[in-house]
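**Student:** fold the following and give me the result.
(chains A and B)
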Protein chains: 2
Amino acid sequence: MKLLKDRIQQDGNVLSKEVLKVDSFLNHQIDPELMQAIGKEFADRFMDAGITKIVTIESSGIAPSTMAGLYLGVPVIFARKRKSLTLVDDLYTASVRSFTKQETNDISVSKDFLTNEDTVLLIDDFLANGQAALGLLDIVEQAGARLAGVGIVIEKGFQPGGALIREQGIRLESLAIVESLENGQVTFAEEVPSR
Amino acid sequence: MKLLKDRIQQDGNVLSKEVLKVDSFLNHQIDPELMQAIGKEFADRFMDAGITKIVTIESSGIAPSTMAGLYLGVPVIFARKRKSLTLVDDLYTASVRSFTKQETNDISVSKDFLTNEDTVLLIDDFLANGQAALGLLDIVEQAGARLAGVGIVIEKGFQPGGALIREQGIRLESLAIVESLENGQVTFAEEVPSR
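**Tutor:** Residues are numbered from 1 along each chain as shown, chains lettered A, B, ... in the order given. Next up is the predicted model:
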């Protein structure tokens, strides 16, 4: 997605060979117009997949998912990273290890909102080691829902998450795949054809 | 806002005299079309206020804020509830006590994105005891930014947050004010004229 790649080149901050900071338009400050374009792109790519629910994870997945949900005409569920007092019963849960933060969170989705009648599009902001995506896949499986595919805003192609998902035969649509952050430069991979 | 009040009556869950659960369209599952209508309503109410930034707090404030930002044509910043490794320096921070969760979180906003040249609209999903809103107000003040007002999706009028904000002379626009949750029923207050 050219608009996104251009924005990453313009405003992304390469902090190290592994860390790309996009806090100015995606992870802390959000550009709503860019989110709208991203949501529309996901919707275009999955338009014919029979999606009934989008599932994402708080917090940075929410804005692009809400826009995608608007274009697809379906609700968005955001998995919570820990339990709150008003949301404790009847949950699908999975554990997610964050290598960046060196911590493990439980993520959860209420059984009220995801069933075996759903066809799910998973969306997240980043795909790196794939732990969050695998946790979300686990939850979709627990619900007995059909998985249409995974939509990722920025995939770090030099980390193993993308391969972990593709080798399961899952349709993965990454709007930008970063091949390298060497020398403080963002280099993009060509987009990998899905399936 | 009639559309919102109708939805609360239809799908809200009164768990006790103090707890209204709206997890089916706002706090866990999100209805993107409703978020769009809410965002447009906030934008209409603050259209002439010279807003340059919307500031909210993760996670449930993000969807309505992103839609409001789309209509107002301004970026959205979501305050983070704890520090992450890629976001530690140069932060405005405030402490927020959650009575529901019986815990205190630090919230933070990067100094990169909020300055004394900004005019800020604060948006949040709920206003109850007002602790989150006061934390956000503190951050706006630390930045030296001008505050245009506060936009709230659901205000619990029987809790003190609304009064805490209005008595400071701050413009507060709540799209639905719940007056009572007695007897398992949601009763709305008339909307309080701002200022």
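
**Student:** now for A:A128: which residues touch it?
**Tutor:** A:F99, A:T100, A:K156, A:Q159, A:G161 (CB atoms under 8 Å, 6 or more residues apart in numbering or on different chains). Using the backbone N, CA and C atoms, a C-beta is placed for each residue, glycine as well.

**Student:** give me the phi and psi angles of it.
**Tutor:** Phi and psi for A:A128, reported as degrees, to the nearest 10, are phi -120, psi -90.

**Student:** per-residue pLDDT, it?
**Tutor:** For A:A128, the pLDDT comes out at 97.

**Student:** that older thread, taking the contacts of A:A128 together, which two end up most distant?
**Tutor:** Spanning the widest gap among these are A:T100 and A:G161, at 12.4 Å by CB to CB.

**Student:** who has more neighbours out of these two?
**Tutor:** A:G161 (24 against 13; other CB atoms under 10 Å in any protein chain shown).

**Student:** thought the more buried one was touching A:G135?
**Tutor:** No. A:G161 is not in contact with A:G135 according to CB atoms under 8 Å; the separation is 11.7 Å.

**Student:** B:I38: which of the contacts of A:A128 is nearest?
**Tutor:** Checking the contacts of A:A128 against B:I38 with CB to CB, the nearest one is A:T100 at 32.3 Å.

**Student:** checking that closest one next. Helix, strand or coil?
**Tutor:** Under DSSP: H, G, I helix; E, B strand; the rest coil, A:T100 falls in the coil class.

**Student:** show the pLDDT at it.
**Tutor:** A:T100 is given a pLDDT of 74.

**Student:** over to A:G50?
**Tutor:** 98.

**Student:** quick check: phi and psi on it?
**Tutor:** The phi/psi pair for A:G50 (degrees, to the nearest 10) reads phi 70, psi 30.

**Student:** same question, A:E33
**Tutor:** With angles defined as degrees, to the nearest 10, A:E33 sits at phi -70, psi -40.

**Student:** surely it meets B:M67?
**Tutor:** No. Counting by CB under 8 Å, A:E33 does not reach B:M67; the two are 11.7 Å apart.

**Student:** look at the two and report which has more neighbours.
**Tutor:** B:M67 (31 against 15).

**Student:** tell me the SS of the more buried one?
**Tutor:** At B:M67 the chain is in helix, as set by three-state DSSP.

**Student:** and it, what is it in contact with?
**Tutor:** By CB under 8 Å, 6+ apart, the contact set of B:M67 is A:P32, A:T66, B:M35, B:Q36, B:I38, B:G39, B:K40.
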